[in-house]
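> here are the coordinates; sequence isn't available:
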């Protein structure tokens, strides 16, 4: 859609001429004879820029500017007047006008059109930023952290309470449980939500880069330091710093971090000038830091400094009842072209029986795999990734005296498939036809039973 500009002038000739000029430039134009009429347009239309005369009888351009600034969309306002003065121009820009022009416009027509283009572009960027902000707030609000299990409900309650404080939080959990999501949720529900959020992966920092990356350095502080550089602490000033995988920091460097957190000031590498800091610290780790303290791998004093409020995210295997909820959430998240993808109950039961060492991240990967390979809009057992079905024959031992029915059925299926493959000289298309399966279903069952063509596995040469 082409940008729309609202033009206001109580002089009909000036209004027509300016509107026609902008129409010729390819803009959509809505014209208004006075400020009151313009306010109605702004209520009911999406406007990308406002061009208004300053001297009007009912509502001056400056008064209209003030009303626009109080609105929700706040399109850029360009003021035009035949009675210009330096003081008026300064006051208009101070009040938030995008630009101030004196009539007649044809004396500065190229500049005027360039300013209009800039105003339209500025509004487009403002809308994009507003959209991103809404997306961030939605993503990191509680409805998007999925879980009805009591362990998750307890976690949500603590997150909601701690978000409104300034306390340091330690978030522990296995890989893939969503530690970063919880940390970001705390920030975006805190009083610092409008300030910077910066994260640093402590496990990716070498010892030589540790202090420079966190605290910055001055030009010439070391080889390669060709200019001054700020660190993550300064970048996060007045906001939040997430120290990801804090347990990976070498023991002898932990004291440096502890001193900074205690004294709330740091020095850039190559400088002796202390810099005060106002940063909230959130830390994440996939280890048990209490155990690391007991082993002598993590400083006890640093542990207590970063874990005023400790949070533990339960692994997926401890909240199996949440798996159907997560599956349906992920199906909606990954669906394309508005097509609704459903899943068979047998698939949900199968997913609930898998230990998920990669937790929610692994589940999300599995859901995307199944959505790619399912036929139609229904995910069935045949669409499961092979690694989810390959361990079926190794079920736990049944109670003494009971027939291992599932194991017997699985073994019979394996023998039957193997016999048809041999009869067809390992031609998978023929074997699938004889078994009444599709080639894809046969491949899945071969992976499940670990059946391989001996000619393909025989060493060459």
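Great, that's in hand. Being a predicted model, the structure only gives us computed values, none of them experimental. Numbering: from 1, shown residues only.
> and the nearest residue in space to residue 33 that is not next to it in sequence, what does it touch?
Nearest residue to residue 33, sequence neighbours excluded (C-beta to C-beta, 6 or more residues apart in numbering): residue 10, at 5.9 Å. For glycine as for every other residue, the C-beta is placed from the backbone atoms N, C-alpha and C. Contact analysis of residue 10 by C-beta atoms under 8 Å, 6 or more residues apart in numbering lists 33, 34, 53, 56, 57.
> next, residue 10: secondary structure please.
Put simply, residue 10 is coil when judged by DSSP: H, G, I helix; E, B strand; the rest coil.
> could you pull up phi and psi at it?
Backbone torsions of residue 10, given as degrees, to the nearest 10, read phi -80, psi -10.
> neighbours around residue 319, how many?
18 (other C-beta atoms under 10 Å).
> show the pLDDT at the spatially closest residue to residue 306 that is not a sequence neighbour.
Sequence neighbours aside, residue 283 is the residue nearest to residue 306 in space, at 4.7 Å (criterion: C-beta to C-beta, 6+ apart). Listed pLDDT for residue 283 reads 98.
> I'd guessed residue 283 sits against residue 170; true?
Yes: taking contacts as C-beta atoms under 8 Å, residue 283 lies within contact range of residue 170: 5.0 Å.
> tell me the average confidence for the helix or strand that residue 351 is a member of?
Taking DSSP states H and E as the criterion, residue 351 maps to helix 345-352. The average pLDDT within helix 345-352 is 90.
> show me how far it is from its chain's centre.
28 Å (C-alpha atoms, centre = their mean, to the nearest Å).
> quick check: what element follows that helix along the chain?
helix 359-373.
> hang on, the earlier thing: for the helix holding residue 351, packing partners?
helix 323-334, helix 359-373, helix 386-389 (3 or more C-beta pairs under 8 Å, 6 or more residues apart in numbering; DSSP states H and E).
> now do the second one, average pLDDT.
Averaged across helix 359-373, the pLDDT comes to 91.
> can you pull the buried residues of it?
359, 360, 362, 363, 364, 366, 367, 369, 370, 371 (16 or more other C-beta atoms under 10 Å).
> residue 379 is in contact with the last one, correct?
Read that as residue 371. Yes: Residue 371 is within contact range of residue 379, at 7.1 Å (criterion: C-beta under 8 Å).
> what is in contact with the two at once?
What both residue 371 and residue 379 touch, as defined by C-beta under 8 Å, 6+ apart, is the set residue 341.
> please name the strands paired to the helix or strand harbouring the residue nearest to residue 306 in the sheet, noting orientation.
Per DSSP H and E: residue 283 is located in strand 280-285. Sheet pairing of strand 280-285 (DSSP bridges) gives strand 169-172 (parallel), strand 240-244 (parallel).
> output those as CSV; include the columns mean pLDDT and mean neighbour count.
Shown next, in CSV, are these (pLDDT from 0 to 100; neighbours: other C-beta atoms under 10 Å):
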stretch, mean pLDDT, mean neighbour count
strand 169-172, 98, 24
strand 240-244, 97, 23
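> for residue 68, which of those strands is the nearest?
strand 240-244 (33.4 Å; C-beta to C-beta).
> give me the residues contacting the helix or strand following the closest one.
Using DSSP H and E, the helix or strand that directly follows strand 240-244 along the chain is helix 251-263. By C-beta under 8 Å, 6+ apart, the residues outside helix 251-263 that reach it are 168, 207, 210-211, 214-215, 233, 249, 266, 277, 281, 296-299, 301-302, 305-306.
> hmm, 7 Å instead?
With contact meaning C-beta atoms under 7 Å, 6 or more residues apart in numbering, helix 251-263 is reached by 207, 210, 211, 249, 266, 281, 297, 298, 299, 301, 302, 305.
> would you mind measuring from the closest residue in space to the first one that isn't next to it in sequence to residue 71?
On the basis of C-beta to C-beta, 6+ apart, the spatially nearest residue to residue 207 that is not a chain neighbour turns out to be residue 250, at 6.0 Å. Between residue 250 and residue 71 the distance is 54 Å, computed by C-beta to C-beta, to the nearest Å.
> ok, residue 289 next?
50 Å.
> so residue 189 makes contact with residue 163?
Yes: in this structure, residue 189 is within contact of residue 163 by C-beta atoms under 7 Å, at 4.0 Å.
> okay, the buried residues of helix 359-373 in TSV with distance to residue 119 next?
Compiled in TSV, these are given as follows (distance: C-beta to C-beta, whole Å):
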residue	distance to residue 119
359	48
360	44
362	48
363	47
364	42
366	49
367	45
369	48
370	48
371	44
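> which one among these gets closest to residue 239?
residue 360 (26.5 Å).
> and residue 289 and residue 71? Which one has more around it.
Neighbours per residue, other C-beta under 10 Å: of residue 289 and residue 71, the larger number sits with residue 289, 22 against 12.
> OK, contacts around that one?
170, 172, 247, 298, 303.
> hmm, back to that, quick check: next helix or strand after the strand holding residue 283?
helix 289-295.
> following the chain past that following helix, name the next helix or strand.
Downstream of helix 289-295 (by DSSP H and E), the next one is helix 300-306.
> give me the contacts around that next one.
168, 170, 246, 254, 257, 258, 261, 262, 281, 283, 289, 293.
> picking up where we left off before, I'd like the strands paired with strand 280-285 as a markdown table, with distance to residue 20 appended.
Below are these laid out as a markdown table (distance: least, C-beta to C-beta, whole Å):
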| stretch | distance to residue 20 |
| --- | --- |
| strand 169-172 | 60 |
| strand 240-244 | 52 |
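> which one of the ones you listed lies closest to residue 2?
strand 240-244 (40.4 Å).
> run the chain-centre distance for the closest one.
So, by C-alpha atoms, centre = their mean, the centroid of strand 240-244 is 15 Å from its chain's centroid.
> from now on call the first residue 13
Got it, the first residue is 13 from now on, which makes the last one we talked about strand 252-256.
> excluding sequence neighbours, find me the nearest residue to residue 40.
Residue 40's closest residue in space is residue 16 (C-beta to C-beta, 6+ apart), at 4.0 Å.
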